[in-house]
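In: The sequence isn't on hand, but the structure is:
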DNA sequence: TATTGTTATACTCTATAACTATA
DNA sequence: TATAGTTATAGAGTATAACAATA
């Protein structure tokens, strides 16, 4: 067998990769620069990348973290309820809970009132891990909004909150 | 073959489904309510859902729309450059351009200076379609921010813009 | 030796649909 | 007849890795 003289010609993203640049110099983004949706997407990509990097030691992804917090604050939650809260199918919630159970953070206990159902609970070690994980997530979140003053951060939260209120669905869709 | 007496017992999301409710009454979201990341995610889910519904007649998704706008404003762009701008692998860009070419919106032309490369261009009908598609996207975007005044929308754009500036990467990752 | 577009392949995430045991 | 959890399966979307043509 021959020793390889040079590293293989890999594709774009490398392990220790630089973060995604959502504003390449020299590129005209046109109307995208005016759309709220694209601004949100730019922020979301950056948040997601940093979250994964910061929480990698715990093997925690955003949906896993959300599930842990929600189970912790609403013990005994049914899997179907968790799926509805997270906006995913029940089959996806099963996989999510499976992964958190393998990590030792969550356990299923039979419901005392409904023999079909299971209640979801944090394990004792899951509670402890969640405390540390939450600290890491808070540090990540603070780092992401470091460019904003406390007042600006509060204002941003207020404006984003107004956007998630109930709105009318798409009424009349024009035909192409 | 027997006629089916009742509709099949389908799972959660139905065709004419109600939009995802990111704040279920009676559920304690704990620290999630304080995190910028979760606020962004709530908004992003709503934006994505409405975008898909509003643009379905054109079979346009967010990445397809971004690609159309960027190609339209930067004609002759190479596929590798588009991939870098969108933050996706080159293989993904090939599939993206394939779909836009099938829709008749984009064409590949050989580069006059580099016989390996292709320049990406909107077709004449692609230009016309993009004009109408852009109107639909703008209407969607305006509907999403209808709860905000013009002043608030501008402030939101300003604050989001500050969040996408360059930041230091994750420096020292704590061990679990 | 590196780059461009492409293809092959796999992995993740999501969904739909069916199954079982209960209600 | 409907619901809770599960499983099987398939479709997007993403990635890595290799390839031929060209630089």
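Out: Received, thanks. This is a predicted model, so every value here is computed, not measured.

In: Centroid-nearest residue for chain A?
Out: Geometric centre of chain A, nearest residue: residue A:62, 2.4 Å, by C-alpha atoms, centre = their mean.

In: okay but that residue is in contact with residue A:54, surely?
Out: No. With contacts counted by C-beta atoms under 8 Å, residue A:62 stays clear of residue A:54, the gap being 11.2 Å. All C-beta atoms are positioned from the backbone trio N, CA, C, and that covers glycine.

In: Leaving out the residues flanking it, which one is nearest to residue A:54?
Out: residue A:140 (4.3 Å; C-beta to C-beta, 6 or more residues apart in numbering or on different chains).

In: hang on, the earlier thing: show me the contacts for the residue nearest to the residue nearest to the centre of chain A when sequence neighbours are not counted.
Out: Nearest residue to residue A:62, sequence neighbours excluded (C-beta to C-beta, 6+ apart): residue A:51, at 5.7 Å. Counting by C-beta atoms under 8 Å, 6 or more residues apart in numbering or on different chains, residue A:51 makes contact with A:61-62, A:137, A:140, B:37.

In: which stretches of chain A aren't confidently modelled?
Out: Residue ranges of chain A with pLDDT under 70: A:1-17, A:166-176.

In: Burial check on residue A:64, number of neighbours?
Out: Around residue A:64 there are 20 other residues, counting by other C-beta atoms under 10 Å in any protein chain shown.

In: now it: how far from DNA strand D?
Out: 16 Å (C-beta to the nearest atom of the strand, to the nearest Å).

In: Show the contacting residues for that residue.
Out: A:96, A:99-100.

In: and which of those is nearest to residue B:25?
Out: Closest to residue B:25 out of these is residue A:96 (22.4 Å), distances taken as C-beta to C-beta.

In: how many other residues sit next to that closest one?
Out: 21.

In: do residue A:44 as well
Out: Neighbourhood size, residue A:44 [other C-beta under 10 Å]: 20.

In: quick one: it and residue B:47 touch, right?
Out: No. Counting by C-beta under 8 Å, residue A:44 sits too far from residue B:47 to count as a contact (9.7 Å).

In: excluding its backbone neighbours, what's nearest residue A:30?
Out: Closest to residue A:30 by C-beta to C-beta, 6+ apart is residue B:73, at 4.1 Å.

In: so what's the one you found up against?
Out: A:28-30.

In: right, is the helix or strand where residue A:107 lies up against DNA strand D?
Out: Assessed by DSSP states H and E, residue A:107 sits inside strand A:106-110. Yes. Counting by C-beta under 7 Å from any atom of the strand, DNA strand D has neighbours in strand A:106-110: residue A:108.

In: Counting by contacts, list what that strand packs against.
Out: Other helices and strands packing on strand A:106-110, by 3 or more C-beta pairs under 8 Å, 6 or more residues apart in numbering or on different chains; DSSP states H and E, are helix A:62-73, helix A:90-102, strand A:118-122.

In: Would you agree the residue nearest to residue A:62 falls within a helix?
Out: Yes. Assignment of residue A:51 by DSSP: H, G, I helix; E, B strand; the rest coil places it within a helix.

In: Around residue A:163, how many other residues sit close by?
Out: 23.

In: My guess is it contacts residue B:144. True?
Out: Yes. At 6.7 Å, residue A:163 counts as touching residue B:144 under the criterion of C-beta under 8 Å.

In: shared neighbours, these two?
Out: residue B:46.

In: still on that earlier bit, out of the contacts of residue B:73, who's nearest residue A:78?
Out: residue A:29 (44.6 Å).

In: Go ahead and confirm the closest one touches residue A:23.
Out: Yes. Here residue A:29 reaches residue A:23: they are 7.4 Å apart, a contact under C-beta under 8 Å.

In: Looking at the two, which has the bigger crowd around it?
Out: The neighbour count for residue A:29 versus residue A:23, taken as other C-beta under 10 Å, is higher for residue A:29 (19 against 13).

In: Compute the distance between the more buried one and DNA strand C, please.
Out: Separation of residue A:29 from DNA strand C (C-beta to the nearest atom of the strand): 20 Å.

In: What is the burial count for residue A:81?
Out: 18.

In: Same check on residue A:144?
Out: Counted with other C-beta under 10 Å, residue A:144 comes out at 21.

In: How about the one 5 residues further on?
Out: Neighbours of residue A:149 under the rule other C-beta under 10 Å: 10.

In: what are the ranges of the helices in chain A?
Out: Taking DSSP state H, the helices of chain A run over residues A:36-55, A:62-73, A:79-86, A:90-102, A:124-144, A:150-163.
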